[in-house]
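> just a sequence and a predicted model for now, questions to come.
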Amino acid sequence: MTTTHPADASVAAACERTVLAFTHGFDMNDIDTMSRHFAPDGVWKRHDGDLVGMEQLRDFMKVRDPGTFVRHVLSNLRTGLLPNGHAVVDSYVTVYRHDFKGAPQRPAPLPGPNVMGRYRDQLALGDNGWQLVQREVQIDFKQQEISP
């Protein structure tokens, strides 16, 4: 893991806002918000395969099942600067998810979190502020399927 140096408060806040906005955009199925916070050549290293660039991100969101109801809770955000001028935000993520047949109904059933893990988000400063150039997820805990 590359050593980071502390980021000043304004850089840390801006980077953390970017990470939170992108994640919230995903939860709300809001590709426009996600696109504003994702670099055109960004990489999202997911457990089910990498998404590279804006076109793959948009295609992934277009085919997402409309019955998928998901919420991410991010905590313990820690921001540092890398030697190349990029920033990195490390955080814990807890994911709650329910897959409906049809449109989501609220409140969704809550048997507990589906997964808990860590995000490592690398950001670069561009013309429109900080954007995600790489998001990597490490799953530490996963809800087990319960057999009837």
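Cool, the structure landed.
> partners of the helix or strand bottoming out on mean pLDDT in the chain, with directions?
Scoring the helices and strands of the chain by mean pLDDT, DSSP states H and E places strand 5-6 at the bottom, with a mean of 86. The pairing partners recorded for strand 5-6 under DSSP bridges are strand 68-81 (antiparallel).
> and the contacts of the strand it pairs with?
With CB atoms under 8 Å, 6 or more residues apart in numbering as the test, strand 68-81 has contacts from 4-7, 11-12, 15-16, 19-20, 23, 26-27, 87-100, 104, 108, 119. C-betas here are computed from N, CA, C, even on glycine.
> now Asp105: how far from Ser91?
Slight slip there: residue 105 is Gln, not Asp. For Gln105, the distance to Ser91 equals 29 Å [CB to CB, to the nearest Å].
> so those two - more neighbours on which side?
Neighbours were counted for Gln105 and for Ser91 using other CB atoms under 10 Å; Ser91 has more, 21 against 11.
> need the three-state assignment for the more buried one.
strand (DSSP: H, G, I helix; E, B strand; the rest coil).
> for the protein, what spans make up the helices?
Taking DSSP state H to define them, one finds helices in the chain at 9-27, 31-36, 53-62.
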